[in-house]
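*Asks:* Return a 3D structure for these sequence lines:
(2 chains)
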Protein chains: 2
Amino acid sequence: MTLDTISSARAFGGEQRVYRHASAATGTDMEFAAFLPAEALRGEACPTLFYLSGLTCTWENATTKAGYQRLAAEYGLILIAPDTSPRGEGVANDAAYDLGQGAGFYVDATEAPWAPHFAMESYVARELFDLVSAELPVWEGAVGVTGHSMGGHGALTLAMKHPDRFRSVSAFAPIVNPLDCPWGEKAFTAYLGADRATWAAHDACHLVEQAGWSGDILIDQGTADGFLDEQLKPWNFERACRKAGVDLTLRMQGGYDHSYYFISTFLADHVAWHAARLTG
Amino acid sequence: MTLDTISSARAFGGEQRVYRHASAATGTDMEFAAFLPAEALRGEACPTLFYLSGLTCTWENATTKAGYQRLAAEYGLILIAPDTSPRGEGVANDAAYDLGQGAGFYVDATEAPWAPHFAMESYVARELFDLVSAELPVWEGAVGVTGHSMGGHGALTLAMKHPDRFRSVSAFAPIVNPLDCPWGEKAFTAYLGADRATWAAHDACHLVEQAGWSGDILIDQGTADGFLDEQLKPWNFERACRKAGVDLTLRMQGGYDHSYYFISTFLADHVAWHAARLTG
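*Replies:* Residues are numbered from 1 along each chain as shown, chains lettered A, B, ... in the order given. Reported below is the predicted structural model:
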């Protein structure tokens, strides 16, 4: 597998790169962003954090708006920002912002017309994970995952489904209970079919009760987030964690919304939190 | 004069707002971004920094990409990010990215078809300055200005032309000598006419020799900036400052380009530098 570098810019003593590669999982070319701190440029093995983005995003949103370069440089972390779906003319799509391209939901679709390309769980947790582990100086066993909104759902579910791969997990305003929100019900019906029994394996609330999580979990959620009551419902996850005996820190941040202003405000805490768990 | 708030989001304990207002200087509606730190939200007078953007930008580029909210919050600064030109259907424009809408060059145009609306010097240094001083808790006498590329030209020239208004100045990869670069020659010919004698009043190299500057000046410039040799030529300004006895710190940053990755890397130093001079 080869990585083509499509851009590279110096930032905070490291390099912000964007790569393109042919993906077997999605059957398309995929792009992702990778920040390499100075340590990685010298070839030293670095703890690595995946940042999974939300609906409508590509690698670009977090890469230009979150301010993660400063933090990754400070902690000597590699930061990987994947796309949120396969894209292109031969890839199924939907006019709505919350289905199809830009809305892969980090699951492997089983239903038409999505199944041929929409395999974002396999892509992120296996193919891309293996690719960056092979091609970049990723410190084996020191990989964490975080994400925002749909990407918070991705972070929580991929960590709990692949605990051999992800050692730390946190999220910003995540979808925690897709079985109980309009975004999740719509996407899972399309990608996984009408049988809700198959959905539970991709629902953080169900997963934490079934599979658990050996570490602790950090979630930040803004109280002025317009999606809070209908789509996000972090209290569902808080209840499930309590039942499962999993140590969740849920911080309700007064007056913050769903935007990158919210994410950038609290990202420093998340990066510090992952760094402590990945290198401790 | 009234300010309409078109958006507001909590960030770093303060608020990132975008305002719209009718401008007498440009004869159009103008938008600008303002970050208000917690101190400003409590009504305390705050030192204030104008950030002037480069070609093609609006208030949005720096506001979403520079990471200034964290720094303004840390130092208790108000940060004002204006647009780079008047805009709209009734406003003259050009198909090129470096003339017309998005390319106001912080001068008052005297030539057709630009003169009716392109008055960005009067807009930024007088009208907007007075407006934010009246409507926001700006600490009188503690206002600085910085900017990037065309906005670096704006910062340097507006500071030196209006030293009663701007007490500190710095720049990122500024156009310092528009009389001696293609961007400047093209824009000044269009906005100010063919007589180069009128241009010098808007050229930082000429201004620093004629008007001087009572303080010191900080400039960061990336060595991998593709515009360095043809458009930016910071050594022209270094030479002029030496002649004028003005204390310039020009930092050539190895491997950095012209992007917001460069700006965000060094913005912390600039905000600290302005804060020290505005409150010292």
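
*Asks:* How much space separates whichever residue of the stretch 1-150 of chain A sits closest to chain B from A:Thr279?
*Replies:* With Cβ to the nearest Cβ as the measure, A:Ala11 is the residue of the stretch 1-150 of chain A nearest to chain B, at 3.8 Å. (Glycine included, C-beta is placed from N, CA and C.) Distance from A:Ala11 to A:Thr279, counting by Cβ to Cβ, to the nearest Å: 22 Å.

*Asks:* picking that back up, tally up the residues packed near the residue of the stretch 1-150 of chain A closest to chain B, please.
*Replies:* 28 (other Cβ atoms under 10 Å in any protein chain shown).

*Asks:* Pull the contacting residues for it.
*Replies:* For A:Ala11, the contacting residues are A:35, A:69, A:73, B:261-262, B:264-265, by Cβ atoms under 8 Å, 6 or more residues apart in numbering or on different chains.

*Asks:* closest to A:Ser53 among those?
*Replies:* Nearest to A:Ser53 among the contacts of A:Ala11 is A:Phe35, at 14.4 Å by Cβ to Cβ.

*Asks:* what's the helix or strand for that closest one?
*Replies:* strand A:29-36 (DSSP states H and E).

*Asks:* buried set for the helix or strand following that strand?
*Replies:* Counting by DSSP H and E, the element after strand A:29-36 in chain order, helix or strand, is helix A:38-41. For helix A:38-41, the buried set under the neighbour-count rule, 16 or more other Cβ atoms under 10 Å in any protein chain shown, comprises A:39-40.

*Asks:* and what of stretch A:81-97?
*Replies:* A:81-87, A:91-94.

*Asks:* same deal with stretch A:107-121?
*Replies:* A:107-109, A:114, A:117-121.

*Asks:* Nearest to A:Glu127 among those residues?
*Replies:* Closest to A:Glu127, out of all of the buried residues of stretch A:107-121 and judged by Cβ to Cβ, is A:Ala119, at 8.7 Å.

*Asks:* That closest one bridge partners, please.
*Replies:* A:Asp108 (DSSP bridges).

*Asks:* Within range of chain B, give me the residues from chain A.
*Replies:* In this structure, chain A approaches chain B at residues A:9-13, A:16, A:64-65, A:67, A:69-70, A:222, A:224, A:255-257, A:259-262, A:264-265, judged by Cβ under 8 Å from any Cβ of the partner chain.

*Asks:* can you rerun that using 7 Å?
*Replies:* A:9-12, A:16, A:64-65, A:67, A:69-70, A:224, A:255-257, A:259-261, A:264-265 (Cβ under 7 Å from any Cβ of the partner chain).

*Asks:* Give me the buried subset of those residues.
*Replies:* A:9-12, A:16, A:64-65, A:67, A:69-70, A:256-257, A:259-261, A:264-265.

*Asks:* so what's whatever residue of the stretch 151-280 of chain A ends up closest to chain B up against?
*Replies:* Residue of the stretch 151-280 of chain A nearest chain B, by Cβ to the nearest Cβ: A:Tyr261 (3.8 Å). A:Tyr261 makes contact with B:9-11, B:16, B:69 under the criterion Cβ atoms under 7 Å, 6 or more residues apart in numbering or on different chains.

*Asks:* residue ranges of the strands in the stretch 101-250 of chain A, please?
*Replies:* A:138-147, A:168-172, A:216-222, A:247-253 (DSSP state E, counting those that start in this stretch).

*Asks:* Restricting to C-alpha, output stretch A:88-107 in PDB.
*Replies:* Provided in PDB are the C-alpha atoms of stretch A:88-107 (Å, rounded to 0.1, in the frame of the first residue of the first chain):
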ATOM      1  CA  GLY A  88     -16.600  10.200  -5.600                       C
ATOM      2  CA  GLU A  89     -18.900   9.800  -8.600                       C
ATOM      3  CA  GLY A  90     -19.200   6.000  -8.400                       C
ATOM      4  CA  VAL A  91     -20.100   6.100  -4.700                       C
ATOM      5  CA  ALA A  92     -23.800   6.100  -3.600                       C
ATOM      6  CA  ASN A  93     -25.000   9.400  -2.100                       C
ATOM      7  CA  ASP A  94     -28.100  11.100  -0.700                       C
ATOM      8  CA  ALA A  95     -29.200  14.700  -1.000                       C
ATOM      9  CA  ALA A  96     -29.500  14.900   2.800                       C
ATOM     10  CA  TYR A  97     -26.500  16.000   4.900                       C
ATOM     11  CA  ASP A  98     -26.900  13.100   7.300                       C
ATOM     12  CA  LEU A  99     -26.700  10.200   4.900                       C
ATOM     13  CA  GLY A 100     -24.300   9.000   2.300                       C
ATOM     14  CA  GLN A 101     -21.100  10.900   1.500                       C
ATOM     15  CA  GLY A 102     -19.900  12.800   4.500                       C
ATOM     16  CA  ALA A 103     -22.000  10.600   6.800                       C
ATOM     17  CA  GLY A 104     -20.400   7.200   7.000                       C
ATOM     18  CA  PHE A 105     -21.300   6.700  10.700                       C
ATOM     19  CA  TYR A 106     -18.200   4.400  11.200                       C
ATOM     20  CA  VAL A 107     -20.100   1.200  10.300                       C
END
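
*Asks:* got a list of contacts for it?
*Replies:* Here stretch A:88-107 makes contact (Cβ under 7 Å, 6+ apart) with A:28, A:52, A:55-57, A:84-85, A:87, A:113-114, A:117-118, A:120-121, A:124, A:150, A:153-154, A:157-158, A:183, A:186-187, A:190-192, A:202.

*Asks:* Go again with 8 Å.
*Replies:* Residues contacting stretch A:88-107 (Cβ under 8 Å, 6+ apart): A:28-29, A:52, A:55-58, A:84-87, A:113-114, A:116-118, A:120-121, A:124, A:150-151, A:153-154, A:157-158, A:178, A:183-184, A:186-188, A:190-192, A:202.
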